[in-house]
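Engineer: here's my sequence, what's the structure:
(2 chains)
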Amino acid sequence: MVRITLPDGSVKEFANAPTVGEVAASIGAGLAKSALGGRVGTTGANLAKDGELVDLAHPIESDSSLAIVTAKNRDGTVSPDALYLLRHSCAHVMAEAIQRLYPGVQLVYGPPLETNFYYDMLFPDGKVMSADDFEKVEAEMAKIVAENRPFTRYELPIADGIAKLEKEGSKFKLDNAQRAVEAGSKSLSWYATGEPGKNWEDLCRGPHVPATGKIGAFKVLSLASSYWKGDEKLDRLTRVYGTAFATKEELEQYARLQEEARRRDHRTLGKQLRLFHIDEMVGQGLILWTPKGSIVRNELQNFIGTELRKQGYHQVYTPHIGKLDLYKTSGHFPYYKESQFPAIVEGDDLTKLCDSGCSCGELVARIDGVSAQFARELNERTGREVIAQDRVMDADKLINGFLLKPMNCPHHAKIFASEPHSYRDLPVRLAEFGTVYRWEQSGELNGMTRVRGFTQDDAHLFVREDQVAEEVLGCLSLVKIIFATLGMHEYRVRVGLRDPDGTKYVGDPANWDKAEQACRDAAKTLGVPFSEEPGEAAFYGPKIDFVVKDVIGRSWQLGTVQVDYNLPVRFDLSYTGQDNKPHRPVMIHRAPFGSMERFGGVLIEHFAGAFPCWLSPEQVRVLPISEKSAAYADELVAALKARGVRASVDHGNDRVQAKIKVAAEEKIPYMAVVGPRDAENRVVSVRARGVEANLGEMPFDAFVSGIAAEIDARLLSGAPGTVQAALTK
RNA sequence: GCCACCGUAGCUCAGUGGUAGAGCACACCCUUGGUAAGGGUGAGGUCGAGGGUUCAAUCCCCUUCGGUGGCUCCA
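Structural biologist: Predicted coordinates for the structure are as follows:
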């Protein structure tokens, strides 16, 4: 007898192991019809977390908990499990369609994802698929769906399965099977779209929807390329993306959201609202902040500057380059050479070297090299061979040069080291909006979110061991203030801990334990879920990262707080303790925004370009009804400007309607319409962005001081205390 | 960096083997209008760059630069 516990707590008993479908049928005919699969687990298990997603035809052998998967949950929400089944199944349908249209295509791997699915395939030599072919593929898929063929699972013992795959000659599927075996599979399973032996089939773990007809709506989305197993030395594959939903409406909804996302894209809005520009001639990944974008950036910097002063930071400035020795000491050169702009070597030196017949390889070695003394000192200090012997060469052979700084920390470490410190002085907190340059691969560049030159809102805290926890907490509270002020709630927190088996970490394990605990405790204070990720720590210390998603769904790391035991050793930093002996400080790196560029890009998307008043490039646009009110309009703008408000008048000879449209397109938070009536009564007629109506009149002075107060308080649009709220209550 | 696609006016985009068009923006004129586009006129482009095929290339081919999507990478 098998006892099945359903989500409502009721228990059903079956004489023999029932399939999920049979359980569904025993509950009701309607459910049996709409069931797509099931989620099973041991009795009482949290199915959403620990349950296994299975086919409708999956037999349940022992007492279990079971939830039947249907397209919609009982509360009407779309079931992610259903989408998973649909997309996984649709990937098979698409693969069959493509193989029909392009004979010789080999299949590799086709998983469902959060919003879509893809299938990697190898096209025979000379054959390519193009976006023009999507319709053809979709038509072929539609036929398969219309045939409503069942997904039929069958299993083979491993030896037989491997033999079958060897006969078929697909190295990719063979490899998939071998990996499944290594992962502990006891047999290999296939899914035929229809009848095994007769219809199309694919080696697959499953699960799938019961039949192709369940796929209500689908679309082939895009083409991309990938490498087999992500290794560029292996075959280059064609990745075909598609998506599937239970209904046409859901697919249309998805398309609408995609469209909306494109409109919110910071690259589109940045151009439309003239916030930034990237110029071919200046270079890829190098952001030119236009006047309007610069205002947003400046406001953000002022905002954070105010908070930093409250928290006892010192502002510093450091140059954009430093000598190679600086980075050889910190370890950033030459180990991260691939992601840096090349070293800057003095022209005359280079000429002399070239004239003397110095080869490129030799040149590189002489730039990368260090003196014996340099190597000895650094290796002694760190207690490890951080400088390998093959980098050591005669001092007179070394070529000196400079590097565009890839990080600010070495400069800040040197500021700390420039004077003696007592334990009483710590923590020393040095902050700088420091611009750094990194050589990102050209294909990775993306608007403002991935660039080659960017300004970190960086700071380095030099603290005593016993101050780490409190200072990490302080850093996080800053992040919290920033996110709260900007109304950003959709972020993920990642606490990077060391890999328990790893050996690459520097520093005392006991200190690591303390620092990791400090990070964990600090993350808890954020009041948002966070994930602990072992192995994600930097080699020099644990860290806390803030990750947000852009409109396209791509994740970007913004803020970061990192504990560092390494640089203080490398730079031989010390302070005098109570015992009058030198002690090693700990460094904390932190950048709440991450970089002004990336944060700016994310912020544009977060607000869809409609910045709160305090951040808006233009805060009030005054719209005189006609030239008769020009003087009154000018008086209003002058009064606003006198209070530091960014305001302008539209003196154009358009009608107010047109002026409103333009101001709305520029996403200006407030419009003040003024005509003879307003002038006579010393009032302004107010409109707020996003509200398609005249909010009413406000006395001249009340409007000016209301706007100024809203800006000073850095309020979000429409929040209590704003002019808009005052007029709409 | 790799693969696919794309590059026409300031912006969004049509279009063609016989040297190019719309809307918006811009300039000027008329209009002085009370809450999301009043009307007219005009200016603006070596069709990303270089090379090739052709009587003729913005269009076809090659190279190159840049962008987009993905892969890889991100101290």
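Engineer: what residues does the stretch 401-550 of chain A have near RNA strand B?
Structural biologist: Counting by Cβ under 7 Å from any atom of the strand, the positions of the stretch 401-550 of chain A adjacent to RNA strand B are A:406-407, A:438-447, A:450, A:538. Every residue, glycine included, has its C-beta placed from N, CA and C.
Engineer: please pick the buried ones from those residues.
Structural biologist: A:406-407, A:438-440, A:446-447, A:450, A:538 (16 or more other Cβ atoms under 10 Å).
Engineer: coming back round to it: which among the residues of the stretch 401-550 of chain A next to RNA strand B gets closest to RNA strand B?
Structural biologist: Lowest distance from RNA strand B to these (Cβ to the nearest atom of the strand) belongs to residue A:443, with 2.0 Å.
Engineer: helix/strand/coil for that closest one?
Structural biologist: helix (DSSP: H, G, I helix; E, B strand; the rest coil).
Engineer: tell me which residues touch it, please.
Structural biologist: Residues counted as contacts of residue A:443 (Cβ atoms under 8 Å, 6 or more residues apart in numbering): none.
Engineer: next one, pLDDT for it please.
Structural biologist: Residue A:443 carries a pLDDT value of 88.
Engineer: turn the buried ones among the residues of the stretch 401-550 of chain A next to RNA strand B into a markdown table, columns for pLDDT and secondary structure.
Structural biologist: Converted to a markdown table, these look like this (pLDDT from 0 to 100; DSSP: H, G, I helix; E, B strand; the rest coil):
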| residue | pLDDT | secondary structure |
| --- | --- | --- |
| A:406 | 93 | coil |
| A:407 | 93 | coil |
| A:438 | 93 | coil |
| A:439 | 93 | coil |
| A:440 | 91 | coil |
| A:446 | 90 | strand |
| A:447 | 92 | coil |
| A:450 | 92 | strand |
| A:538 | 84 | strand |
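Engineer: ok, residue A:658 to residue A:571 distance?
Structural biologist: 62 Å (Cβ to Cβ, to the nearest Å).
Engineer: buried set for stretch A:73-92?
Structural biologist: For stretch A:73-92, by 16+ other Cβ under 10 Å, it's A:79, A:81-92.
Engineer: cool, stretch A:280-297 as well?
Structural biologist: Quick answer for stretch A:280-297 (16+ other Cβ under 10 Å): A:285, A:287, A:289, A:292-293, A:295-297.
Engineer: which one of those residues sits closest to RNA strand B?
Structural biologist: Ranked by distance to RNA strand B (Cβ to the nearest atom of the strand), the buried residues of stretch A:280-297 are led by residue A:285 at 6.4 Å.
Engineer: and for the closest one, nearest residue in space, chain neighbours not counted?
Structural biologist: Spatial nearest neighbour of residue A:285, excluding adjacent residues (Cβ to Cβ, 6 or more residues apart in numbering): residue A:452 at 3.5 Å.
Engineer: picking up where we left off before, just want to know which of residue A:658 and residue A:571 has more residues nearby.
Structural biologist: Legend: neighbour count by other Cβ atoms under 10 Å for residue A:658 and residue A:571, higher for residue A:571 (21 against 13).
Engineer: what about the lengthiest helix in chain A, near RNA strand B?
Structural biologist: If you go by DSSP state H, chain A has its longest helix at helix A:80-101. No - applying Cβ under 7 Å from any atom of the strand, one finds helix A:80-101 out of contact with RNA strand B, separated by at least 14.6 Å.
Engineer: which secondary structure elements does that helix contact?
Structural biologist: Applying 3 or more Cβ pairs under 8 Å, 6 or more residues apart in numbering; DSSP states H and E, one finds that helix A:80-101 contacts strand A:35-42, strand A:52-54, strand A:64-70, strand A:117-122, helix A:134-147, strand A:187-193, strand A:217-227, strand A:236-245.
Engineer: mean neighbour count for these - can I get that in CSV?
Structural biologist: As requested, the helices and strands packed on helix A:80-101 are exported to CSV (neighbours: other Cβ atoms under 10 Å):
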stretch, mean neighbour count
strand A:35-42, 23
strand A:52-54, 18
strand A:64-70, 22
strand A:117-122, 23
helix A:134-147, 16
strand A:187-193, 20
strand A:217-227, 16
strand A:236-245, 21
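Engineer: where exactly do the strands run in the stretch 301-450 of chain A?
Structural biologist: A:314-315, A:321-323, A:344-345, A:401-404, A:428-437 (DSSP state E, counting those that start in this stretch).
Engineer: mind giving me the packing neighbours of the second one?
Structural biologist: Contacting strand A:321-323 under the criterion 3+ Cβ pairs under 8 Å, 6+ apart are the following elements: strand A:401-404.
Engineer: residues making contact with the strand it packs on?
Structural biologist: Outside strand A:401-404, the residues that touch it by Cβ under 8 Å, 6+ apart are A:320-324, A:326-327, A:332-333, A:340-341, A:343-346, A:367, A:436-437.
Engineer: cool, and stretch A:333-350?
Structural biologist: By Cβ under 8 Å, 6+ apart, stretch A:333-350 touches A:321, A:324, A:327-328, A:332, A:367-368, A:399-404, A:406, A:437-440, A:452.
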